[in-house]
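Colleague: model this:
(chains A and B)
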Amino acid sequence: MSDDGSAEKISRYAGEAMQGAAEQGQPYIDIDTPKYRGDIIAAAVCLGFALAVYFLIIPAHIYVPKAFIGTANSPAFLPKMICIVLAILSAIYLANSVLSFRRETPQGRSRASDWGIAGAMIGICMIYVGGILVLGMTIATGLCVAGTIYFFGERRYGLIAGIAILLPAILWYFFVEVAHILLPTPELQILGGTAAIEAAIAWAGPVIQAGGLA
Amino acid sequence: MIEWSILSQSFSQVLSWGVLLSCFAGVVWGMFVGVTPGLTGIMAVVIALPLTFFMDATSSIALLLGIYVTAIYGGSVTAIMINTPGTPNAAATVLDGYPLARKGKTRQALEMALFASLTSGVLSTIVAMSIFPVVAAVALDFGAPEVFAVIVFSITIIAGVSGDSLLKGMIAACFGFLIAMIGQDPIHGSSRFTFGVPDFQAGVHILTLLVGLFTIPEIISRAIEAFRSDEKITVGEMGPGLTFRQYITYWPTYLRSTVGGSLLGALPGLGGSPAAFLGYFMAKRFSKKPDEFGKGSLDGVAGAEAGNNAVCGPALVPMMSLGIPGDTTTAVLMGALIIHGLSPGPLLFDSAPDFVYSVFLLLFLSLIFMGVVGVGLIRMAKWVVRMPTKILFPIVFILATYGTYAVRGTMVDVISMVGVGILGFLMRTQKIPAAPFAIAFILGPLFENELRKSLIISGGSLDIFVHSSISITFLVLAALSAGLTVYLHRRLEGTDAARMIRD
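Modeller: Reported below is the predicted structural model:
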């Protein structure tokens, strides 16, 4: 098949990125270009989520007064309706994606390095949140902003240090002294973290019971 | 018609130092965001939202309107100078703005963009201010079923902001609705999806969701770009400025674009980008020199910029009178009003007419400040477009985190923000649009509240929604609006205009 013929078969939303990849012999496409395989995974996750919410989470985590069970005025009515709509749409999405995966020309794939960078950024966000819990907001912010600017490719260390000191200081002054908002300190937030773990346990119990797993 | 006695009260509200300063700060921040590729108007509004919690309602809306109006113009600066629209609204400006810059007429193009934006902004605000009382008077007759029908109509904007795939947009909207249901049930007060976390009793805060959805995915995408390319930005000669004669020559273009942009602005879901393209194509159609379009025509820049700025005023009319946001940014503005205890919808004009007029006066004020700041910006444009995004985006992330924390002073919001951000990024990798998610989240509680109130009134019968001619009209309009949007998407599919709006 000629290059032109292949190009005609390229799905509209894989677009020019795929065309460029085919021409250059490099099967790489941008991370934000939808892939059929990714669509299948996304559709399956959405479908699974809709079913899980409908069958497990709604019965366990929405209290419905007896007088309203089965009526449109039940607190669970609209969530259930949305889950049904979501399940139907996800099933259509899944079917479309599977058909496209089978029919269309194979697509390129995202660079592993792109996913690595995305993963690292997500990691930075999580470490920052963890850092706030352990070190308090001001110190964690200084470290996070320095790390992120370095990660983005800035190598002027004086500039990085300046921003890492000034930004948290200015924010501390504004929030604590001007707006009178107490920023998290380590002691406070370790208690918050404990509360979060307790909440996770409280959540898991009813879900397991509702699913008949306990 | 305009009620002059109330208008004079509004003048005194607007002309206070706090409000003027807020508006000016909003304009400066909006301009800064507009000229920074990757930072969008909605991000700018979202990041500024926490600051408004410490302000009164008028100062808050002054800040947010300043950003809203100016970010649309600011996007044209990079569109003209470096061929990269600062915001999606400036996509059509690239077509003739950048060729003008390459001809050494950068300053002329920038000034045309500024003055065309100003002219259409002022004209469309006058139109909006004049029709608002009429729409508001009609809206006063609305009861719960009518309001529900209006909300159904406003939900059709999801079709307009769904991008390439309506299916994906609707899936995203379902997630938005579900997240909006976290917290207390609006009628019975029982807990829903709180998982035993006390902080979830009040639901997920709008800011937490918006920051997660719009800021974090953008920062992750920018990190990937930062690793892939290290392009140095080069800017051409600024050249001569715009003459008064040149400005006057394009008045018919400003008027046409104002009419087109105002109509699109008042319809849900279309927003600035289509209005800019409509203005551009109308300018080309009526031009005596259509061959110059695409090669560097001032008329093209005028049409596009007048078109996108004409949207602002009229988009506020359905938002404030009926509770229908015209696009994602007006949906956030609506959220801000709700936070300040004002309920956009039929009763707003009745309960706070002075506030409504203040909003329109603030639009004028924002435009005046935009003119002043814009002229200054053009002089510094060569330096401004070289803004170091490597430093900017990490700072934006930190500001977003502080803003999210400050709203309720709980780390649960920060953790939720990061969670929504990761979800938003994963959605982005499959082009599942974030805007329907956000709009469904904002409109979801209103939708549920009015639906259930209506059902209580009717004893559970759905007939209540087809008893009044108003609700029937809005339900029919909803169907037509959704159908029209899908039809327009299909018509535009594969065209350059659609690709530019999408990208």
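Colleague: Every contact and neighbour count from this point should use C-alpha atoms.
Modeller: Noted.
Colleague: helix or strand for the residue at minimal distance from the centre of chain A, which one?
Modeller: What sits nearest the mean C-alpha location of chain A, by C-alpha atoms, centre = their mean, is residue A:122, with 9.0 Å. Using DSSP states H and E, residue A:122 sits in helix A:112-135.
Colleague: so where do the strands sit in chain B?
Modeller: Shown for chain B, the strands assigned by DSSP state E span residues B:183-184, B:191-192.
Colleague: Just say which of the ones you listed is most tucked in.
Modeller: Each of the strands of chain B was scored by mean neighbour count; the highest is strand B:191-192, a mean of 24, by mean count of other C-alpha atoms under 10 Å in any protein chain shown.
Colleague: what sits up against that one?
Modeller: Strand B:191-192 is contacted by residues A:61, A:62, A:63, A:75, B:181, B:182, B:183, B:184, B:185, B:201 when judged by C-alpha atoms under 8 Å, 6 or more residues apart in numbering or on different chains.
Colleague: and the two most separated of those?
Modeller: For these, the maximum inter-member distance is 14.4 Å, found between A:75 and B:201 (C-alpha to C-alpha).
Colleague: Give me the more crowded residue out of these two.
Modeller: With neighbours defined as other C-alpha atoms under 10 Å in any protein chain shown, residue A:75 and residue B:201 compare such that residue A:75 has more, 29 against 19.
Colleague: That one reaches residue B:185, doesn't it?
Modeller: Yes - between residue A:75 and residue B:185 there is a contact under C-alpha atoms under 8 Å: 6.0 Å.
Colleague: returning to what we had before: may I see the buried residues of the helix holding residue A:122?
Modeller: By neighbour count on 16 or more other C-alpha atoms under 10 Å in any protein chain shown, the buried set for helix A:112-135 is A:114, A:117-118, A:120-122, A:124-125, A:128-135.
Colleague: next one: stretch B:456-475
Modeller: For stretch B:456-475, a neighbour-count test (16+ other C-alpha under 10 Å) marks B:464, B:465, B:470, B:471, B:472, B:474, B:475 as buried.
Colleague: So for the residue lying closest to residue B:154 once chain neighbours are set aside, what's the pLDDT?
Modeller: Of all residues not flanking residue B:154 in the chain, residue B:324 sits nearest, at 5.0 Å (C-alpha to C-alpha, 6 or more residues apart in numbering or on different chains). Note for residue B:324: predicted pLDDT of 77.
Colleague: What is the burial count for residue B:247?
Modeller: Around residue B:247 there are 17 other residues, counting by other C-alpha under 10 Å.
Colleague: for it, what are its contacts?
Modeller: Residue B:247 neighbours (C-alpha under 8 Å, 6+ apart): B:112, B:115.
Colleague: so where is chain A shaky, pLDDT-wise?
Modeller: A:1-29, A:31-32, A:105-108, A:187-214 (pLDDT under 70).
Colleague: For residue B:241, give its distance to chain A.
Modeller: Using C-alpha to the nearest C-alpha, to the nearest Å, residue B:241 is found at 36 Å from chain A.
Colleague: just the helices in chain A please.
Modeller: Ranges of helices in chain A, per DSSP state H, are A:3-9, A:15-24, A:36-52, A:58-61, A:77-103, A:112-135, A:137-151, A:157-172, A:186-210.
Colleague: Residue B:241 against residue B:113, yeah?
Modeller: No - contact criterion C-alpha under 8 Å: residue B:241 and residue B:113 do not qualify, at 11.9 Å.
Colleague: who has more neighbours, these two?
Modeller: Just comparing residue B:241 and residue B:113: by other C-alpha under 10 Å the higher neighbour count belongs to residue B:113, 28 against 14.
Colleague: What pLDDT is listed against the more buried one?
Modeller: For residue B:113, pLDDT reads 93.
Colleague: what's near enough to touch it?
Modeller: Taking C-alpha under 8 Å, 6+ apart, one finds B:73, B:76, B:301, B:302, B:305, B:306 in contact with residue B:113.
Colleague: Which one of those residues sits in the busiest neighbourhood?
Modeller: Each of these was scored for neighbours by other C-alpha under 10 Å, and residue B:305 scores highest at 41 neighbours.
Colleague: hang on, it packs against residue B:119?
Modeller: No - applying C-alpha under 8 Å, one finds residue B:305 not in contact with residue B:119, separated by 9.9 Å.
Colleague: quick one: common contacting residues for those two?
Modeller: Overlap of the contact sets of residue B:305 and residue B:119 (by C-alpha under 8 Å, 6+ apart) is empty.
Colleague: Any figure for the gap between the residue nearest to residue B:241 when sequence neighbours are not counted and residue A:163?
Modeller: Leaving aside its sequence neighbours, residue B:241 sits nearest to residue B:108 (C-alpha to C-alpha, 6+ apart; 4.6 Å). Relative to residue A:163, residue B:108 is positioned 37 Å away (C-alpha to C-alpha, to the nearest Å).
Colleague: Which one's more surrounded, the two?
Modeller: A count of neighbours by other C-alpha under 10 Å puts residue B:108 above the other of residue B:108 and residue A:163, at 22 against 18.
Colleague: Contacts only, for the more buried one.
Modeller: By C-alpha under 8 Å, 6+ apart, residue B:108 lies in contact with B:239, B:240, B:241, B:242.
Colleague: Looking at those residues, state which has the most neighbours.
Modeller: Neighbour counts for those (other C-alpha under 10 Å) peak at residue B:242, which has 17 neighbours.
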